[in-house]
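[1] Fold the stuff below for me.
(chains A and B)
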Amino acid sequence: MRKGMETNEFLGFIIAVIGIVLLGFFGVKLYNFFVDADMKNAQAFIDDLSGKIETLGVEEKNTFLLRGVKGWVLVGWNKEVPIAKDNELIGKDRKPQKCFDKACLCLCEDKISNCQDVGFCREIDGNISVLSKIQYVGGNEDGSFEAILYSSCIVQIPQLMDLSVNKSAKNISIYYDYGKQVPEWVNDIPNRVLDSLSNSQSNVGKLEGCFVSQEIISRA
Amino acid sequence: MKRKGELTSTQVITIILAIIGFVLVGLGLYTIFEDDSLTNRDLCRLSILSRATVPSAGQQFVPLNCQTEKVCITVDDGAILGFGGKDTSCKQFAGEKNIRTVEVKVSQNALVNDKAVDTIQREVANAMYDCWIMTGQGKLDIFPPGDGTSTPATEFLKQLTAGVDLNVVPVKPSCVVCSRVAFSDALYESDKEFKFLKYIDFNRFLESQQPVPGTEKSYTSIFTGEEGTGYGSIAESESTGTKPIGYSVTSSNQIAVVFAQIKVSGETESSAFWNAMITGGIAGGIAAISSPGSVLPLPVGILKVLGVGAVATTLAYSAEANTNANHALSATTCKQFESTMAGQKGCSLVRLMSWDAKNVNSLCYNIEGNL
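    Model (predicted):
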């Protein structure tokens, strides 16, 4: 009976280990190269936006063209908003722990409750307000109506987004107007209108945790 | 006598060759992924090739690693040894990184200004050419197939055109923004004094100049003239002396070189194929009534293309001659892709357009890459 390994077996083993390590290393590289594009784009988006906000003078406003990252949501929290504790859900009234005691602007994957784990946040000087608007035609048992829907989040679309930024001494506001949308189907649940918009753009961003309000502007 | 465990010469050679092989493969991959000298364009090209060579079903898992090139065209800041210069930066790129600045000299001397005009035109022309080459000259199938379902915009258009048989074609062009070219405030200030921007004519430049010095093929002929196809022509040339910068200028003072691609089914009738191509060309021009994904397949008198073929068509034209917005040239080719599924046809377009959300979004249903 043999005891231990023979030399050539040992060398084969060493080579196999080297091969596996190399394969693993380049496998990870390949994965990052191919799979992380959305993450990179999201990071670039928030870096670009915060960079442009920084360079904007006080009492100035401008419109910045940025390409949205599908499936991501832009949201902001002010300094006084408490951070979400371990068992609390991140939402408009609870900010991620990574924002700590600062006002921050975050771009988060899918929904804002993901901001702590899958989101990029940048510190903001002063108060931050994020607002989006969509005008749509809805309908319910009382008939059709035209309404404007406001949200405290901006669901990203994979197209150019012209974000309006207004900067004052203490406040920074970011605004995006989706324009007038006519969804394929209509009903009176405000969230679903923007969901419909999202779907139309192959987007999976959700408004969970965002403030949403609706203003009826006319009824048929 | 051979001892137990002793390596034979064959085994030694095999081991050495294996180690050399690992090292070579490792170096190759390291070069691809870590080498700083690999430009953004190379990385983009690599990712495009990667995506184009996987089956359609897998394309969505291979993102494009394309970084938009940012070019700031400005004037000499007049600094002496780095001191005393004026601000000549492009404010459009404020807060952004990796900006390439191209400085032109302008003066009372017409020859100097001619050179400045030539430099500006060549920068833009080269950006289009590089984009066209980088994206595979219309031969590569680089965007995942769309779901083909109707969109709200399609429905909206259907409502608008209710009762009229306009054969609305839902198309979803995807885009890569290859370059953004911004013009600084200082450049415009200089133009007030020296009046040189009015001599810029991108289309004429593309028709008359060559991307590779010493060769005969102009930019336009490279975009439009494929040997063997023998057709395709300029539908309308830009001969009105309009100012490409002036009329393209938006609040952003930027133009963009955009690559767009539309896929059409291999079984699609040639008319629909043709319509899809027209869609790519004029979508921006009828943005007021359409949106990405659905346009009226009507050339509206814009195109006067000779010898339209069913298999492959190449043309260049002023896509939006009937609008006051964007007269810049588009180079389009429609053909069967060489890279993936047999029978998969599509139209590819490289286009100069003003950098404006409404304008770009009217052409691009989906933008990939990093701006």
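
[2] contacts, neighbours, all on C-alpha from now
    OK.

[3] Verify the stated contact: B:S354 with B:V258.
    No. Look at B:S354 against B:V258 with Cα atoms under 8 Å: they stay out of range, at 10.0 Å.

[4] Show me the strands in the chain, by range?
    Just going to use chain A. Assigned by DSSP state E, chain A shows strands spanning A:60-67, A:72-77, A:103-109, A:119-124, A:127-140, A:143-151, A:154-155, A:160-167, A:171-181, A:212-219.

[5] nope, chain B please
    B:69-75, B:99-104, B:169-170, B:174-183, B:254-264, B:294-295, B:313-318, B:329-336, B:345-354, B:366-368.

[6] In contact with the spatially closest residue to A:A84 that is not a sequence neighbour, which residues are there?
    Distances taken as Cα to Cα, 6 or more residues apart in numbering or on different chains place A:R94 nearest to A:A84, at 4.9 Å, with adjacent residues excluded. For A:R94, the contact set (Cα atoms under 8 Å, 6 or more residues apart in numbering or on different chains) comprises A:V81, A:P82, A:I83, A:A84, A:E88.

[7] just these now: which is nearest A:I174?
    Using Cα to Cα, A:V81 is the member of the contacts of A:R94 that lies nearest A:I174, at 18.1 Å.

[8] what about that closest one, neighbour count?
    17 (other Cα atoms under 10 Å in any protein chain shown).

[9] Now for residue 44: which residues touch it?
    Since no chain was named, I'll use chain A. Counting by Cα under 8 Å, 6+ apart, A:A44 makes contact with B:N370.

[10] wait, I meant chain B there
    For B:C44, the contact set (Cα under 8 Å, 6+ apart) comprises B:L64, B:N65, B:C66, B:Q67, B:M134.

[11] ok, 10 Å please
    B:S50, B:P63, B:L64, B:N65, B:C66, B:Q67, B:T68, B:M134, B:T135, B:C178, B:G369 (Cα atoms under 10 Å, 6 or more residues apart in numbering or on different chains).

[12] just to revisit the earlier point, ok, the residue nearest to A:A84 to chain B distance?
    29 Å (Cα to the nearest Cα, to the nearest Å).

[13] same check, this time on A:D110
    18 Å.

[14] rewinding a little: report the two of the contacts of B:C44 separated the most.
    Comparing all pairs in those by Cα to Cα, the longest separation belongs to B:S50 and B:T68, at 18.6 Å.

[15] who has more neighbours, these two?
    More crowded of B:S50 and B:T68, by other Cα under 10 Å: B:T68, with 22 against 16.

[16] the bottom helix or strand of chain A by mean pLDDT?
    Across the helices and strands of chain A, mean confidence by mean pLDDT, DSSP states H and E is lowest for helix A:190-200: a mean of 51.

[17] Turn the contacts of A:R94 into CSV, columns for pLDDT and distance to B:V25.
    Output for the contacts of A:R94, formatted as CSV (pLDDT from 0 to 100; distance: Cα to Cα, whole Å):
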residue, pLDDT, distance to B:V25
A:V81, 89, 52
A:P82, 87, 52
A:I83, 85, 48
A:A84, 85, 48
A:E88, 81, 49
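
[18] Separate out the buried members of those.
    The neighbour count (16 or more other Cα atoms under 10 Å in any protein chain shown) marks A:V81, A:P82, A:I83, A:A84 as buried among the contacts of A:R94.

[19] Out of the residues you listed, the closest to chain B would be?
    Set against chain B, the nearest of these by Cα to the nearest Cα is A:V81 (27.6 Å).

[20] Report the contact partners of the closest one.
    Residues counted as contacts of A:V81 (Cα under 10 Å, 6+ apart) are A:K92, A:D93, A:R94, A:K95, A:P96, A:C99, A:F100, A:D101, A:K102, A:A103.

[21] what do you get if the cut-off is 7 Å, keeping everything else the same?
    A:V81 is in contact with A:D93, A:R94, A:K95, counting by Cα atoms under 7 Å, 6 or more residues apart in numbering or on different chains.

[22] for A:L163, same thing?
    A:T63, A:F64, A:L65, A:I174, A:Y175, A:Y176.

[23] and with 10 Å instead?
    A:49, A:62-66, A:132, A:154, A:173-177, B:357.

[24] same question, A:Q135
    Taking Cα under 10 Å, 6+ apart as the criterion, A:Q135 is in contact with A:146-150, A:177-182, A:193, A:214-217.

[25] residue ranges with poor pLDDT in the chain?
    Just going to use chain A. A:1-5, A:29-36, A:181-207 (pLDDT under 70).

[26] meant chain B, my bad for not saying
    For chain B, the ranges with pLDDT under 70 are B:1-7, B:29-38, B:79-85, B:145-172, B:224-252, B:264-346.

[27] ok and the residue in it nearest chain A?
    Distance from chain A to each residue of chain B (Cα to the nearest Cα) is smallest for B:G95, at 4.2 Å.

[28] ok, back up a step: partner residues bridging the residue nearest to A:A84?
    For A:R94, the beta-bridge partners under DSSP bridges are A:G91.

[29] how close does B:V257 sit to A:V81?
    43 Å (Cα to Cα, to the nearest Å).
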